[in-house]
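Chemist: Provide a 3D model corresponding to the input given below.
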Amino acid sequence: MPLTVAVSGINSMENPGSGIGVIRSLLESGSDYHCIGLAYDAMEPGLYLDEFVSHAYLLPYPSSDAQKYLDRLLTICRDATVDALIPVFDSELPHYISSRSRIEEEGLRILLPSRDQYDSVRKSALPELAEQIGVPVPRSIAVTSYEELSTALESLGFPAVVKGVFYEAYPVHSHQEAREYFDKIVAKWGYPVILQQFIRGDDFNLIGCCGKHGRILGLVAIKKLLTTQMGKTWSAVTIANDAILEAGRRFARELEWEGGFELEFRITPEEEIYLLEINPRFPAWIYLATAAGINLPDRYIKHLFEGKEDFPEEYEVGKLLVRYTGERIRSIGDFERIVVHGEKKP
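Modeler: Predicted coordinates:
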């Protein structure tokens, strides 16, 4: 019997989730998996990519009532006989963390950070965590008003970076531009908004996954070659960088992290390394790690069901990711059925 794995984040858009990459990795692993997509909107493109998502359900938005969210999630898992969950959105993780005992009582398996671990990687807490793992961070200031925004910009100078508490980061060069992005981020993600010192250099990321007690299941480092306006990876290449990999090991060891994660770095022309942020979930470029030989979703499941902890560390350097846009033509009836039934059936 195949293991049924429910995966969120199938919104393959400008700011994509990692769900399609996770599902693709599982389906190409050689193991026997049946994947269920978890979506928040009937227009999420993953719902219409039949080669990856043949069966999917709609969830309430993460901002909804916690009990309503949990009830719907557990109903889906019972209906689809789900064995394991891989949530990949920052904003949904608090629901899973607070309901972990109830989720596991249902026989579902999952890797998740604790609430303290999750809080420790929030952008406002980054300086303290960076000190623990020995990598400096740009100066950062959390703001909740126009007055605090202006004061922070006077302190940091221009250019600066305006960041949301969950997603989105925009370089700004004036008070007016900063205020526009401040309003945009607050409307979408709420307070606080993070103002960060702008560091010139190249962007590098590290993906990883940890099992119980911070046991590292795999790490892969990349250099970003092209990014979107929001700083999301559009093309990248796998690299070997001992300093970045060691920072990932220290992160896992110091926090005894559990689950997927991403560390974002900037390296200056003087080769100084700065930690820009830590994301408590798999990034959208996860399939590049799989293509390079480190299939983290498969290792995640094997750790949960087989207790496996020792995996090869080596991966192929020089693997190139190039993201592209495409179109999928479907009947309006497909959309209507998802809206009416809250489900896409095989």
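Chemist: what are the boundaries of the helices in the stretch 1-150 of the chain?
Modeler: Using DSSP state H, counting those that start in this stretch, the helices of the stretch 1-150 of the chain run over 19-27, 66-79, 93-98, 100-105, 115-120, 126-133, 146-156.
Chemist: adding mean pLDDT, write those out as CSV.
Modeler: Shown next, in CSV, are the helices of the stretch 1-150 of the chain (pLDDT from 0 to 100):
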stretch, mean pLDDT
helix 19-27, 97
helix 66-79, 96
helix 93-98, 96
helix 100-105, 97
helix 115-120, 93
helix 126-133, 85
helix 146-156, 90
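Chemist: between those helices, which one is nearest to Val237?
Modeler: Proximity to Val237, assessed across those by C-beta to C-beta, is greatest for helix 19-27 (16.4 Å). Bear in mind the C-beta positions are built from the backbone N, C-alpha and C, glycine included.
Chemist: mean confidence for stretch 158-172?
Modeler: Here stretch 158-172 scores 84 as its mean pLDDT.
Chemist: buried set for it?
Modeler: 160-172 (16 or more other C-beta atoms under 10 Å).
Chemist: repeat for stretch 7-24
Modeler: 7-12, 16-24.
Chemist: pick the one among the residues you listed closest to Leu153.
Modeler: Among those, Pro16 lies closest to Leu153 (C-beta to C-beta), at 30.3 Å.
Chemist: list of residues touching the helix or strand containing Arg337?
Modeler: Using DSSP states H and E, Arg337 falls within helix 332-341. Helix 332-341 is contacted by residues Ala42, Met43, Leu47, Tyr48, Ala56, Leu58, Lys344 when judged by C-beta atoms under 8 Å, 6 or more residues apart in numbering.
Chemist: Tyr170 - nearest residue in space that isn't next to it in sequence?
Modeler: Tyr181 (4.5 Å; C-beta to C-beta, 6 or more residues apart in numbering).
Chemist: number of nearby residues for Gln132?
Modeler: By other C-beta atoms under 10 Å, 13 other residues sit near Gln132.
Chemist: list the residues that contact it.
Modeler: Gln132 sits in contact with Arg250, Glu254, Leu255, where contact means C-beta under 8 Å, 6+ apart.
Chemist: tell me the mean pLDDT over the helix holding Arg337?
Modeler: In this model, helix 332-341 has a mean pLDDT of 95.
Chemist: and the protein, what are its domain boundaries?
Modeler: 3-111+327-344, 118-123+200-322, 139-197 (automatic domain parsing).
Chemist: ok, the residue nearest to Leu156 when sequence neighbours are not counted - contacts?
Modeler: Among residues not flanking Leu156 along the chain, Gln197 sits closest, at 5.2 Å (C-beta to C-beta, 6+ apart). Contacts for Gln197 were tallied using C-beta under 8 Å, 6+ apart; they are Pro138, Arg139, Ser140, Leu156, Gly157, Ala160, Val161.
Chemist: which parts of the top strand by length along the chain are buried?
Modeler: Counting by DSSP state E, the longest strand found in the chain is strand 216-227. By neighbour count on 16+ other C-beta under 10 Å, the buried set for strand 216-227 is Ile216, Leu217, Gly218, Leu219, Val220, Ala221, Ile222, Lys223, Lys224.
Chemist: any idea how far the residue lying closest to the last one once chain neighbours are set aside lies from Leu129?
Modeler: Right, Lys224. Spatial nearest neighbour of Lys224, chain neighbours left out: Asp203 (4.1 Å); criterion: C-beta to C-beta, 6+ apart. Asp203 sits 19 Å away from Leu129, going by C-beta to C-beta, to the nearest Å.
Chemist: out of the domains of the chain, nearest to Ile133?
Modeler: Here domain 118-123+200-322 is closest among the domains of the chain (C-beta to C-beta), at 4.2 Å.
Chemist: ends of that closest one, what's the gap?
Modeler: Domain 118-123+200-322 has an end-to-end distance of 31 Å (criterion: C-alpha to C-alpha, to the nearest Å).
Chemist: please apply the same query to stretch 13-32.
Modeler: 28 Å.
Chemist: next one: stretch 16-33
Modeler: Per C-alpha to C-alpha, the first residue of stretch 16-33 is 23 Å away from its last.
Chemist: residues making contact with that stretch?
Modeler: So stretch 16-33 is contacted by 1-5, 7-12, 35, 37-38, 46, 49, 52-53, 86, 88-89, 232, 281-287, 290, 295-298, 301-302 (C-beta under 8 Å, 6+ apart).
Chemist: stretch 31-44: which residues count as buried?
Modeler: For stretch 31-44, a neighbour-count test (16+ other C-beta under 10 Å) marks Tyr33, His34, Cys35, Ile36, Gly37, Leu38, Ala39, Tyr40, Ala42, Glu44 as buried.
Chemist: could you do stretch 199-216 as well?
Modeler: Neighbour counts over stretch 199-216 (16+ other C-beta under 10 Å) mark 199, 203-211, 214-216 as buried.
Chemist: now do it: distance to the chain's middle.
Modeler: Offset of stretch 199-216 from its chain centre (C-alpha atoms, centre = their mean, to the nearest Å): 11 Å.
Chemist: then it to CSV, C-alphas only?
Modeler: This file holds the C-alpha atoms of stretch 199-216, laid out as CSV (Å, rounded to 0.1, in the frame of the first residue of the first chain):
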residue,chain,number,x,y,z
ILE,A,199,24.0,44.9,2.3
ARG,A,200,25.5,44.9,-1.2
GLY,A,201,26.6,41.5,-2.5
ASP,A,202,25.4,38.2,-4.0
ASP,A,203,22.6,36.1,-2.6
PHE,A,204,23.1,32.5,-1.4
ASN,A,205,20.6,30.1,0.2
LEU,A,206,20.8,26.9,2.1
ILE,A,207,18.0,24.3,2.3
GLY,A,208,17.9,21.6,5.0
CYS,A,209,15.7,19.2,6.9
CYS,A,210,16.1,17.9,10.4
GLY,A,211,14.5,14.9,12.1
LYS,A,212,14.0,14.5,15.8
HIS,A,213,16.4,16.3,18.1
GLY,A,214,18.0,18.3,15.3
ARG,A,215,19.3,15.3,13.4
ILE,A,216,20.3,16.6,10.0
